[in-house]
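fold the following, please.
(2 chains)
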Amino acid sequence: MTDLVTLTIDGIELTVPKGTYVVDAAKRVNIDIPVFCHHPKMEPVGMCRMCLVEIGTPVRDRSTGEVVLNEEGAPQINFGKGLQTGCTVPVSEGMVVRTNTDVVTDARDDILEFLLTSHPLDCPICDKGGECPLQNLTMRHGPGASRMDFTNKAQLAKHYPLGQLIVLDRERCIQCARCIRFQDEIVDDPVLAFHNRGRYLQIVTNSEPGFDSIFSGNTTDICPVGALTTTDFRFAARPWEMTPVASICTHCPVGCNTTLSTRPEAAAGGRTVIKRVMPRQNEMVNEIWMCDKGRFVHHYADAPDRLTQPLVRKNGELVESSWDEALELVARRLQEHKDSVAGLSGDRLSNEDMFLFQRLFREGLDSPNIDQAQARLGGGDVVAQVGLSHGSNLAGLGKGDAILVVASDMHQEAPVWWLRVKQAIDRGAQLVLLNARPTRLDKFATHILPYAPGGAVEQTHRLLNAARVALDGEEADPLQAASVTLVQARHLVAFYGGEGLTLDQTEALARVLANLLLLKNDEGVNHAGRANNGLVAIWPHNNTQGAWDMGIRPDAGPGYQPLDEPGMDAAQIYDAVSSGNLRALYVMGADPIGDELMADRGQLDFLVVQELFLTATAREADVVLPARSWAEREGTFTTGERRVQRFYPAIPVVGESLSDWQILARLGEQLGLGKPPYAAGLVFRDIAQAVPQYEGMSFRELARVEEQWPRVGDDDLYYGGTSYDNKSGIGLQWPSAADNTDASVEMYELTPPAGAPAAGTPEPPGESLMAIPITVLYRSGTLIDHSKVLSTRIIPPSLLLHPADAARYDVQHGDMVTVEVAGRSVRLAAYLDADNGVRELALLRGALLPPGVAIAPLQIVDVEKQAAPVEVQTVPG
Amino acid sequence: MAHILLRHREIDELHKLDVYTDHGGYEGLKICLQNHTPEAVIELVKTANIRGRGGAGFPAGIKWSFIPKDAEQTYVVINADESETGTFKDRELLEGNPHQVIEGALIAAYAVRAQLIYCYFRGEFMDSAYNFEQALKDAYANNLVGENILGSDFTCHFYSSYGAGAYICGEETALLASLAGDIGQPWSKPPFPAQAGLYGKPTVVNNVETLANVPPVIVNGAEWYLEIGTGDSPGPKIVCLSGHVKRPGNYEVPMGITYRELIFGEEYGGGILGDKGFKALLPSGGSGPVVTENALDAPLTFDGLKPFDSLMGSASCIVMDEDTDMVWATLKMIKFFEHESCGKCTPCREGTFWLERVLEDVYRGRGTQKDIALLENVAKNMQGRCLCALGEFATSPILSTLIHFLDEYKAKVTVAPSTNGADGSTRQREAAPVA
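Below you'll find the predicted structure:
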């Protein structure tokens, strides 16, 4: 029984896993067999014919099956009649491959000449020029001059928009189908296809709107020529002019590794700006993919309305001031209000920022009143206990494993996790899904256990109870069947979100899931403390995990160390603001007034806001401190998988802005916390000491890389696409409590007990509908609104209804409806969808309920028929 | 010789079920169901060495034996996408003798334990398909198709599907892709259809004529079949004779007769039209290399034309008389292949397009001596590099006519190389359409 195969390529003997294709095997020993259509992440097709090589197999005696030896006693090799495509032939024992013979070189020369017959000679203006595998291979194999008469070339459309984000140049396309296959195989949005045949074979989109997929940008990376370009980067810069800087995407908890390509820009007055954002390979996190939001949302960093100077309120007006003046003022006023001060932090900031924030309050001001400005998902403590185990990689899940997803539309909330969960299911993992409504995971689920809106905790509790008595074999009851799947799974990863749930409910949900993971199967094995097992919270933001880790909460300090005397939580702080029980408030990276958490500055004596933009809250502040965006500074973020990752400064500082941690450190100095650290790495050193989970981590350790497979992004761009090599760190995942001491993690005592309705579940709707807001990737907001290309994809505030409900209210697709929900009146476009709608449930897309309200009855009070129906985007692909 | 396949030529209304059964129809199926295990059927077909009539000549029995015995789901697919230039034999069988095809397919299904047979018709074969489906209806009504056929355990259903006019869909993997609803492009083998065919399940794809050979073999035995034709090419073969002959049409012949007999024999072609001289023969439609006078005494067998670097293929013999402009004829064929290339693999997509452009120039008198060398070189560069056989086929008209009729090419380019053509026109042509 062997799963390894030994073969020889160009005289080099190597052993690779069975099923490896010849091109991939060759890559292991640094032999580059050129390819265009083959991609290591996709099934081979053998279309481009560039990888033709000589492949021989040992001759075997028909009767005995023994390998026939030649006169020299070596196995006799049969090379067959012609060349074979290395991308479609799996390795076999004793195989001999020749990639450097004249026959092979001739074939490459000829295929390349064919590819170039009608390929335009527009490399000098082509976006791919400089990082183009066709160009590179032409240098090696191409003819010096074309034998194809110029007038005979096929002339095709040069600017064919496939959608709002991607443009196709049909002359440059070499019909490798990588884009079609990516959309179909990897992200299940089969919106691209071939049309026509022969030389007129062309890529078309078959979705409306065109190329409707939130992963479309990846096709431009893996396109081996300049056929697919993004409307964002098209004709914007040449690859060699740009400086690649390693970064981390800041728009969801996945923490995709990215590369910011920067260049000095005449239009920006010579300032260096971000020209494009590309994925950076991290096989543990995002592999080589990223979503379109992460790729195109970066424009806010270079936005003209960024804050550039500290602002201080003088005579009722915010006027520019110096840092010294502003910081002195802030320090003095905070000191004055030492006994009545609170701090609210957003959860998008770096660990360094948040660590110094809590230190400023707890040590500089002796104030325990710190919290996240808007915590939407609870369970951080539970995650610290049984979170996804150290060494886990979603790519390691497959046959025999199970994935549980509760109360989340993962496709919109954490796209790349969705992608990786989908791949795991493709490899054979089973999915159990608990949601109040259909999502893009339904079609992949083995068991779907829907629940009435608000009933997530109850339903999960039922699942847990079922799992406690789960028996072997097929169970008729879906709950029982699902529980068998989960308990018996070799590995189990449980994801949870907070759709339609209150903060308390999500906390309860996390506990129920923890117990499920800790439940031992017949063999006494549970699903915590082993790699590829554990709990993952689908946090609302990129560093919510870091906020938990750094102790941005009233009841525990850094590293989950409980405090004896908890301070005010966010809700109490907001109450105190309006009631006058709080004198001073420090808001960092959050907009509580804009987010309706606070009506106004209330009775505050002093309000300081640290921000990128003049938000609603900032406009009411006494002092506004301009912060740097992630692209102008360095630091670390912690992903939802608890991987701590570094990001690096890419563009020059905007105005006089400072990194959040720098501002806090300088304030700290004035409040007696000593000299400010001069580098983020030094702040991180303090974190590694204060937070036990981060012990042993340092900027140097976080920057460590290891060889990743498949290898992409080397000089041979043709292999994986223009995804950059990871030279700047793959990060470190911190161990959960279960990883350290298996036995000490106890099951939680659950309240309420099973069967009792969970607290906060509203009454059934009766005549009205229940409404829950759902997360959409492209929802209008301060950051995304700065991206011109994404503005075309933003989903307008709309109401997704099941047609049966719509009929009751005489609502038609595209009508404008006015609804009353949670005490407010909102005007929304109606979107009717039988597949994605749920009866008696109104889904609010791009529209929110008031803070703290997760679910509420909704009345339709007015329906305006439209002459032309309001265009409502589909449920985005 | 009495017909074995084109029996409707002797028997009126053979397409009707009762007529067919009156003349021994469905006896083969009955024999299989009653007397033979599926393995025995495969063994019998192997012994009879029924070779594939679609052109490749692969033994049907061996093809069937590749289907794993324990496969959960298997399919039989009738390849009725007859599109080779000058081929029109399957059409006649579907119209005149459909039950023999149905019976053959049922036997194949029985042999490979398939419960579903798909018939993939060429899109233009509306009449043939209609006729076939009428026959199928009758067969269903008489329990010859459907549940528990003739009271046995064997259940088998038919589905019809229509191509959309693509030559490439006659290639088995492209056919299967098209049948499954995908674009009609072949896939790189392996996997072979017998391993992973339609919907990824083991599948047998057989040509209409191949399947029509099966029932008589079951009834009369392998010995009987082997006596017809030659040693390695047993059985009857329908030859589609067309071009400059006096009596074009389908002829069922025992394999082994010579091409001369076929073209000049009174019972077949009856000689060249207008009693002109013979110039060339395309023995296998556009896909096989052209042969000349010296090959005419070769036997019509799968390998009979091997010494002349050609092949019998599907036996669509297109005869050309002494007045034929061979460059024109080659251009016709190249245009066909350029139009029919699916575009999936580089050498065929680009090569056929390029060849057509250059050959058009040569034919129009706009070419130079260099272009002739270019034609040869481009065609040779395609050889052995394409994903499926279409690309290989596309090179044969060029390469074979360059061997046999180089003078004709040279005559077209005798003018001194210049940007102006022989007819005084500039080397301008309409640009390819912008899509």
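
excluding covalently adjacent residues, which one is nearest to whichever residue of chain A sits closest to chain B?
Residue nearest to chain B within chain A: residue A:201 (3.1 Å; CB to the nearest CB). C-beta coordinates here come from the backbone N, C-alpha and C atoms, glycine included. Counting by CB to CB, 6 or more residues apart in numbering or on different chains, residue A:201 lies nearest to residue B:343, which is 3.1 Å off, once chain neighbours are set aside.

tell me the secondary structure at residue B:164.
coil (DSSP: H, G, I helix; E, B strand; the rest coil).

cool, and the one 10 residues further on?
For residue B:174, the assignment made with three-state DSSP gives helix.

nearest spatial neighbour of it, skipping sequence neighbours?
Closest residue to residue B:174 apart from its sequence neighbours, by CB to CB, 6+ apart: residue B:186 at 4.1 Å.

residues making contact with the helix or strand where residue A:669 lies?
Under the criterion of DSSP states H and E, residue A:669 resides in helix A:660-670. Contacts with helix A:660-670, where a contact means CB atoms under 8 Å, 6 or more residues apart in numbering or on different chains, come from A:323, A:327-328, A:330-331, A:334, A:349-350, A:352-353, A:355-357, A:359-360, A:364, A:588-589, A:610, A:625, A:627-628, A:635, A:658, A:673-677, A:680, A:683.

C-terminal to that helix, what's the next element?
Counting by DSSP H and E, the next helix or strand C-terminal to helix A:660-670 is helix A:680-690.

what packs against that following helix?
The contact analysis (3 or more CB pairs under 8 Å, 6 or more residues apart in numbering or on different chains; DSSP states H and E) places helix A:680-690 against helix A:351-359, strand A:635-638, helix A:660-670, helix A:699-702.

out of the ones you listed, which comes closest to residue B:144?
Comparing these by their distance to residue B:144 (CB to CB), the top pick is strand A:635-638, with 70.3 Å.

contacts for the closest one, please.
Applying CB under 8 Å, 6+ apart, the contact partners of strand A:635-638 are A:248, A:250, A:255, A:350-353, A:542-543, A:545-546, A:549, A:644-647, A:659, A:661, A:680, A:684, A:699, A:702, A:734.

quick one: strands adjacent to that strand?
strand A:643-647 (antiparallel) (DSSP bridges).

how far does the strand it pairs with sit from its chain's centre?
With CA atoms, centre = their mean, to the nearest Å as the basis, strand A:643-647 stands 14 Å off its chain's centre.

okay, the angle between that strand and helix A:680-690?
Between the axes of strand A:643-647 and helix A:680-690, defined by axes from the mean of the first three to the mean of the last three CA atoms, to 10 degrees, the angle is 160 degrees.

can you list the weak-confidence ranges in the chain?
No chain in the question, so chain A it is. A:1-2, A:470-475, A:717-718, A:723, A:741-743, A:752-767, A:869-877 (pLDDT under 70).

can you look at chain B instead?
Low-confidence segments of chain B (pLDDT under 70): B:1, B:414-435.

domains of it?
As assigned by automatic domain parsing, chain B contains the domains B:7-226, B:236-321, B:326-410.

could you tell me the end-to-end distance of stretch A:237-255?
End-to-end distance for stretch A:237-255: 26 Å, by CA to CA, to the nearest Å.

next, the buried residues of that stretch.
Within stretch A:237-255, the residues that qualify as buried by neighbour count (16 or more other CB atoms under 10 Å in any protein chain shown) are A:237-239, A:242, A:244-255.

would you check which pair of these lies furthest apart?
A:238 and A:253 (34.5 Å).

now the helices for the stretch 301-435 of chain B?
B:326-340, B:346-363, B:369-382, B:389-404, B:406-412 (DSSP state H, counting those that start in this stretch).

got the angle between the third one and helix B:389-404?
Note on geometry: by the same axes, to 10 degrees, helix B:369-382 and helix B:389-404 are set 140 degrees apart in direction.

interface residues of the stretch 101-250 of chain A facing chain B?
A:107, A:110-111, A:113-115, A:117-118, A:147-149, A:151-157, A:170, A:174-175, A:193-194, A:196-202 (CB under 8 Å from any CB of the partner chain).

tell me which of these fall in strands.
A:193-194, A:202 (DSSP state E).

near chain A, which residues of chain B?
Applying CB under 8 Å from any CB, we find that chain B lies next to chain A at B:166, B:168, B:183-185, B:187-188, B:190, B:338-347, B:349-354, B:357-358, B:361, B:374, B:381, B:384-387, B:427-429, B:431-432, B:434-435.

out of the buried residues of stretch A:237-255, who's nearest residue B:395?
residue A:239 (38.6 Å).

residue contacts, that closest one?
Contacts for residue A:239 were tallied using CB under 8 Å, 6+ apart; they are A:127-131, A:261, A:722.

swap the cut-off to 6 Å and go again
If you count contacts by CB atoms under 6 Å, 6 or more residues apart in numbering or on different chains, residue A:239 has them with A:130-131.

and if you look at residue A:337?
Listed by CB under 6 Å, 6+ apart, the contact set of residue A:337 reads A:583-584.

who are the packing partners of the lengthiest helix in chain B?
The longest helix of chain B (DSSP state H) is helix B:208-227. Secondary-structure packing of helix B:208-227 (3 or more CB pairs under 6 Å, 6 or more residues apart in numbering or on different chains; DSSP states H and E): helix B:27-35, helix B:38-48, helix B:89-96, helix B:98-111.

winner for burial among those helices?
Comparing those on average neighbours per residue, with mean count of other CB atoms under 10 Å in any protein chain shown, the densest one is helix B:98-111 at a mean of 28.

next one: that helix to chain centre, how far?
Distance, centroid of helix B:98-111 to centroid of chain: 19 Å (CA atoms, centre = their mean).

quick one: the next helix-or-strand element following that helix to helix B:208-227, angle?
Next in sequence after helix B:98-111, counting helices and strands by DSSP H and E, comes strand B:116-121. Going by the same axes, to 10 degrees, strand B:116-121 is angled at 110 degrees with respect to helix B:208-227.

run the chain-centre distance for strand B:116-121.
Centroid separation for strand B:116-121 versus its chain: 17 Å, with CA atoms, centre = their mean.

deepest in the core, which of the helices of the stretch 301-435 of chain B is it.
Burial of the helices of the stretch 301-435 of chain B is given as mean neighbour count (mean count of other CB under 10 Å); helix B:346-363 ranks first at a mean of 26.

re the thing from before, put the buried members of the contacts of helix A:660-670 into a PyMOL selection.
The following PyMOL line selects those of the contacts of helix A:660-670 that are buried, judged by 16+ other CB under 10 Å:
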select buried, chain A and resi 323+327+330+331+334+349+350+352+353+355+356+357+359+360+364+588+589+610+625+627+628+635+658+673+676+677+680+683
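
does residue A:46 touch residue A:86 like I think?
No. Look at residue A:46 against residue A:86 with CB atoms under 6 Å: they stay out of range, at 9.1 Å.

more neighbours: which of those two?
Using other CB atoms under 10 Å in any protein chain shown, the more surrounded residue of residue A:46 and residue A:86 is residue A:86, with 30 against 23.

count of residues packed around the closest residue in space to that one that isn't next to it in sequence?
Leaving aside its chain neighbours, residue A:86 sits nearest to residue A:22 (3.8 Å; criterion: CB to CB, 6+ apart). Using other CB under 10 Å, residue A:22 is surrounded by 28 other residues.

please consider this matter closed, and thank you.
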